[in-house]
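K.L.:
got a predicted model here, sequence first, then my questions.
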Amino acid sequence: MEFREVTARRRALVIEALEGRRALIPAGRPHARNYPANRYPFRASSHFLYLVGCAAPGAFLYLDRGGEATLFIEPQAPGDAMWHGPAPSFAAWASRTGIVTRPLDALRQALDGPTATLPAMDCATRAEQAQLLERPIDLNRLDPIDEPLADALIQARLIHDKAAIRQLRAAAAVTSEAHRAAMRVTRPGLNAWAIRASVEATMTRWGMGTAFPTIATTRGEILHNEGYDDPLRAGDLLLLDAGAEGPEGWAGDVSRTWPVSGRFSGPQRDLYTVVLNAQAAALALAHPGVRYRDVHMEAAAALLAGLVALGIFKGDVQELLADDAHALFFPHGVGHLLGLDVHDMEDLGDRAGYAPGWSRSTRFGLSALRLDRVLEPGMAITIEPGFYQAPAIVNHPEIRARVGDRLRLDVLARYQDVRGIRVEDDVLITPQGAEILTNAPKTLRGIEAIVGAGEEAR
């Protein structure tokens, strides 16, 4: 099977970077909702999926000093076959993964010295790791012994191989179709639950799940609003941020904003165009050799130029940019890495998102930037500028004091029917530049042609 060859190459890269060190990578365990047998769907650790290619609840991948890999699998508990069907045998796991497979209770005997690991997200597995390795496992701080493993995985996962790119393309295609489906069903009188249902039904139809909780809201000023009670009224803008997750765990992530009625008002049209132009400026700069922070600042400058043209700000764009005026309406970074995690490798914090020697800025306009590396071919990123009228941010005392009367509140008042706008696409950096992987409608004309068209317009 091709994925066996792919994961073998990935393990070889990591083993080489470990330079003879041992490593233990957990798959993790299912989480119970409210009693042990009522579980959330299991999703294995992304690092485990990257190196093994499939999920196995409770399993560990062990890389020994000689570079050999062993998969330790928990045998099926008595009685489980009645509820879930028979589990694969150890021989079947070995055949499927191409990795020597042994029972989990043999793992302790196999560990024969200091071993690097990465903290599991679930408490039960972290406790198991601590017991096996006889040392504390801290979710918020890497032990020095674990740093080489983290760096080896970052080095391998930053640049996607051909198999990963195929998976990213597939997730992007289904994500785009889910947004089109949501646009078609949108009409006044529904609520946000109906939009979420359309999105997730489309993903399910294509054999995919969600890469993160769907955001479908008319309260777009709340950046990660996960409520769905919003009634959809004529005059509202609907913000949808949703992404499909493929069977092997690879993610899509797209945001679109459109009018519930199918037609933008004049102020909505003006501000939407500003955000769309900011995204276009960022996309035009996203090429190999370009620092991602510069892509962010290009989007921020374009946003400010548009807001100056509308009269919301007055003054010189570069001076406003230096004073972080853009962050009153665009407080987050312009995007992030994309891969097996929708925010790829953020379990490793800024160690993954920031290049060695670079650290997160304390500036209001840069402190939320999740990624600051020089772009390279094979990287996948998102580009997602936005405009939000969130009172807690627009009224930020320090930045408002620095901006002063350059922010024209009388003009801003004309745009009160715009709570939040975000336009986001998935982008693959190529040797020649950048390829936009997602293609849900985003022009004014394209959006107005599809919103409310109904499923018959497919």
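P.N.:
Structure received.
K.L.:
what ranges do the helices span in the stretch 1-150 of the chain?
P.N.:
Counting by DSSP state H, counting those that start in this stretch, one finds helices in the stretch 1-150 of the chain at the ranges 2-18, 46-52, 80-84, 90-97, 107-110, 123-133, 147-158.
K.L.:
between these, which gets the lowest average pLDDT?
P.N.:
For those, mean pLDDT drops lowest on helix 80-84, to a mean of 82.
K.L.:
ok, now which ones touch Phe364?
P.N.:
324, 327, 331, 396, 398-399 (CB atoms under 8 Å, 6 or more residues apart in numbering). For every residue, glycine as well, the C-beta is placed using N, CA and C.
K.L.:
out of the helices of the stretch 1-150 of the chain, which one sits most buried?
P.N.:
Comparing these by mean neighbour count (mean count of other CB atoms under 10 Å), helix 46-52 ranks first with a mean of 25.
K.L.:
okay, that one in CSV with CA atoms only?
P.N.:
C-alpha atoms of helix 46-52 as CSV (Å, rounded to 0.1, in the frame of the first residue of the first chain):
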residue,chain,number,x,y,z
SER,A,46,-1.4,14.1,14.5
HIS,A,47,2.2,13.1,15.1
PHE,A,48,1.2,9.5,15.4
LEU,A,49,-0.9,9.8,12.2
TYR,A,50,1.9,11.3,10.3
LEU,A,51,4.3,8.5,11.1
VAL,A,52,1.9,5.5,11.2
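K.L.:
run through who's touching that helix.
P.N.:
Among residues not part of helix 46-52, those counted as contacts by CB under 8 Å, 6+ apart are 7, 10-11, 14, 25-28, 44, 55, 59, 61, 69, 71, 97, 99, 118, 153, 156-157, 248-249, 339-341, 344-345, 347.
K.L.:
repeat that for stretch 309-317.
P.N.:
For stretch 309-317, the external contacting residues (CB under 8 Å, 6+ apart) are 270-271, 274, 301, 304-305, 307-308, 320, 325, 403, 406-408, 411-412, 415.
K.L.:
need the buried ones from these selected in PyMOL.
P.N.:
If you want just the buried ones from the contacts of stretch 309-317 in PyMOL, going by 16 or more other CB atoms under 10 Å, the selection is:
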select buried, resi 270+271+274+301+304+305+307+308+320+325+403+406+407+412+415
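K.L.:
of the contacts of stretch 309-317, which belong to helices?
P.N.:
Cross-referencing the contacts of stretch 309-317 against helices under DSSP state H gives 270-271, 274, 301, 304-305, 307-308, 320, 403, 411-412.
K.L.:
may I have stretch 260-267 exported as CSV, CA atoms only?
P.N.:
C-alpha atoms of stretch 260-267 as CSV (Å, rounded to 0.1, in the frame of the first residue of the first chain):
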residue,chain,number,x,y,z
VAL,A,260,-28.3,36.5,4.3
SER,A,261,-30.6,38.2,1.8
GLY,A,262,-28.3,37.5,-1.1
ARG,A,263,-27.4,41.1,-1.7
PHE,A,264,-24.8,43.2,0.0
SER,A,265,-25.9,46.6,1.3
GLY,A,266,-23.7,49.6,0.2
PRO,A,267,-21.7,49.7,3.4
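K.L.:
hmm, Pro331 and Ile393 touching each other?
P.N.:
Yes - counting by CB atoms under 8 Å, a contact exists between Ile393 and Pro331, whose distance comes to 5.1 Å.
K.L.:
closest one of the contacts of Phe364 to Asp112?
P.N.:
Nearest to Asp112 out of the contacts of Phe364 is Pro331 (CB to CB; 49.8 Å).
K.L.:
how many neighbours does that closest one have?
P.N.:
Using other CB atoms under 10 Å, Pro331 has 21 other residues around it.
K.L.:
now do the phi/psi pair for Gly98.
P.N.:
Gly98 has phi and psi values of phi 80, psi 20 when expressed as degrees, to the nearest 10.
K.L.:
show me the contacts for the nearest residue to it once chain neighbours are set aside.
P.N.:
Computed as CB to CB, 6 or more residues apart in numbering, the closest residue to Gly98 that is not its neighbour in sequence is Arg4, at 3.9 Å. Each residue near Arg4 by CB under 8 Å, 6+ apart is listed here: 53, 96-98.
K.L.:
Arg4 and His47: what is the separation?
P.N.:
In this view, Arg4 and His47 are 18 Å apart by CB to CB, to the nearest Å.
K.L.:
swap in Glu200?
P.N.:
Distance, Glu200 to His47, by CB to CB: 26 Å.
K.L.:
show me the strands in the stretch 301-450 of the chain, by range?
P.N.:
Assigned by DSSP state E, counting those that start in this stretch, the strands in the stretch 301-450 of the chain fall at 380-383, 386-388, 420-422, 425-429, 434-436.
K.L.:
please name whichever of those is nearest to Val260.
P.N.:
Closest among those, using CB to CB: strand 420-422, at 13.7 Å.
K.L.:
just to revisit the earlier point, make CSV out of the helices of the stretch 1-150 of the chain and add distance to His179.
P.N.:
Written out in CSV, the entries for the helices of the stretch 1-150 of the chain read as follows (distance: least, CB to CB, whole Å):
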stretch, distance to His179
helix 2-18, 28
helix 46-52, 24
helix 80-84, 34
helix 90-97, 34
helix 107-110, 44
helix 123-133, 35
helix 147-158, 26
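K.L.:
please name whichever of those is nearest to Arg419.
P.N.:
Shortest distance between Arg419 and the helices of the stretch 1-150 of the chain, using CB to CB, is found for helix 46-52: 33.1 Å.
K.L.:
measure the nearest residue to Arg419 once chain neighbours are set aside to Thr257 for me?
P.N.:
Once its chain neighbours are removed from consideration, Arg419 has its nearest residue in Glu221; the separation is 4.5 Å (CB to CB, 6+ apart). Shown here: Glu221 relative to Thr257, a distance of 12 Å by CB to CB.
K.L.:
so the two - more neighbours on which side?
P.N.:
When neighbours are counted by other CB under 10 Å, Glu221 and Thr257 differ, and Thr257 comes out ahead with 27 against 22.
K.L.:
tell me the bridge partners for the closest residue to Leu149 other than its chain neighbours.
P.N.:
Spatial nearest neighbour of Leu149, chain neighbours left out: Ala116 (3.9 Å); criterion: CB to CB, 6+ apart. Assessed by DSSP bridges, Ala116 has beta-bridge partners Ala23.
K.L.:
now do the contacts for Ala116.
P.N.:
For Ala116, the contacting residues are 18, 21-24, 145-149, by CB under 8 Å, 6+ apart.
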